[in-house]
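>>> Dropping a prediction and its sequence here:
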Amino acid sequence: MRLTRLLVVAVVALVVVVARVPAPPSARATEAKPDWSAAEVLRIRAHFDSVLTELATRDLSTLGETQRGQRAVLLQTLRAYRDRGVFPHNYDFPGQAVPYFVDRKTGTLCAVAHLVESTGRRDIVDRVARLDNNVLVPRLAGDSAFTSWLDAHGITLAEAARIQVPYNAQPMPLEDKRFVAGLVLAPLAITATAVTSVWNAWGNSDGHRRGVSVVGVTSGVLAVGAGAMLASNTNLPKEVYGVAAITAVTGGIGIALSSRSISRRRAIVAAEREATEKRSIAQATLIPILPSRDSGAGVGVSLKF
């Protein structure tokens, strides 16, 4: 029981420390959102720089005067949009570059949607966003209202597709990754630890089922790790830290009970081995024989096994 108490106290102390100590300022600054956002803005602006250069070199001889005038206005609007540097964000597709017609949190429009709205056709923007907010412009080839708008403003579908930008999702901070991993691992680890703890406390208290003991130690270690990962995010509600502590303590109890079973089994095996060795050692006793009338002197041997 002393081993159990020590392990539980150690686990509780570990969880409290992990849950309450914030990450170093330098590490948290490295994961800060503004640094990543600034790089994303630079990437998108560079895209528009390239697109605006391409649009400016197109042969406009096939366009009417009104179309050319409307096109020139749109290019100026796109330059202002680029310079402002406020773009939609990718919230839903980690690891993928995906376009958003309208930012679902801030309402910020993508470049194509912004150009359409700037001419008074917000109805087109809202309809496209409602049907598929992540649509790629080439898929709007069958949208007659959109293609008619493009034609009236001297923009081709291919040019609109070049204007559209896919947005990269913000990388998940390391502490959030650990939290997600702990969230997935915790239920499995707690269940396995609870079952093996009960088994090791009663049915396997002498450690005769080695597999149960090994699984108990393994699941206990996983539960402690899951608790630490849950507590690694310092921006979570207090209730989460309580769950983290329970998970880690459960793991500590599982490790203690499994270790006790393993220790007891080793002691039993050692005692049985010692008893077997004692039984296998022959004990010889010499008994002197005094001379008599019928026989001479000699020595008798008594063997005990």
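Yep, that arrived.

>>> contacts and neighbour counts: CA atoms only from here.
Will do.

>>> Extract the C-alpha trace of the helix or strand harbouring residue 37 and format it as CSV.
Assessed by DSSP states H and E, residue 37 sits inside helix 33-56. The C-alpha coordinates for helix 33-56 follow below in CSV (Å, rounded to 0.1, in the frame of the first residue of the first chain):
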residue,chain,number,x,y,z
LYS,A,33,-1.4,33.9,-34.5
PRO,A,34,-0.2,37.3,-35.8
ASP,A,35,3.0,35.9,-37.1
TRP,A,36,1.2,33.3,-39.2
SER,A,37,-1.5,35.7,-40.3
ALA,A,38,1.1,38.2,-41.5
ALA,A,39,2.8,35.6,-43.6
GLU,A,40,-0.6,34.6,-45.1
VAL,A,41,-1.5,38.2,-46.0
LEU,A,42,1.9,38.5,-47.7
ARG,A,43,1.2,35.3,-49.7
ILE,A,44,-2.2,36.5,-50.8
ARG,A,45,-1.0,40.0,-51.8
ALA,A,46,1.8,38.4,-53.8
HIS,A,47,-0.9,36.4,-55.6
PHE,A,48,-2.8,39.5,-56.5
ASP,A,49,0.4,41.3,-57.7
SER,A,50,0.8,38.5,-60.2
VAL,A,51,-2.8,38.4,-61.2
LEU,A,52,-3.0,42.2,-61.7
THR,A,53,0.1,42.0,-64.0
GLU,A,54,-1.6,39.3,-66.1
LEU,A,55,-4.9,41.2,-66.3
ALA,A,56,-3.1,44.4,-67.4
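
>>> Show me what that helix is in contact with.
Taking contacts as C-alpha atoms under 8 Å, 6 or more residues apart in numbering, the residues outside helix 33-56 that touch it are 75, 79, 82-83, 85-87, 159, 162-163, 165, 168, 170.

>>> swap in stretch 118-131?
Counting contacts by C-alpha under 8 Å, 6+ apart, the residues outside stretch 118-131 that touch it are 77, 101, 102, 113, 116, 117, 135, 145, 146.

>>> Could I have the CA atoms of it written out in PDB?
The C-alpha trace of stretch 118-131 is given here as PDB (Å, rounded to 0.1, in the frame of the first residue of the first chain):
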ATOM      1  CA  SER A 118     -18.800  46.400 -55.600                       C
ATOM      2  CA  THR A 119     -21.100  46.600 -58.700                       C
ATOM      3  CA  GLY A 120     -24.300  46.200 -56.700                       C
ATOM      4  CA  ARG A 121     -24.800  42.500 -57.200                       C
ATOM      5  CA  ARG A 122     -24.700  41.300 -53.600                       C
ATOM      6  CA  ASP A 123     -27.600  39.000 -54.500                       C
ATOM      7  CA  ILE A 124     -25.200  36.900 -56.600                       C
ATOM      8  CA  VAL A 125     -22.700  36.700 -53.800                       C
ATOM      9  CA  ASP A 126     -25.200  35.600 -51.200                       C
ATOM     10  CA  ARG A 127     -26.700  33.000 -53.500                       C
ATOM     11  CA  VAL A 128     -23.300  31.400 -54.300                       C
ATOM     12  CA  ALA A 129     -22.200  31.400 -50.700                       C
ATOM     13  CA  ARG A 130     -25.500  29.800 -49.600                       C
ATOM     14  CA  LEU A 131     -25.200  27.000 -52.200                       C
END
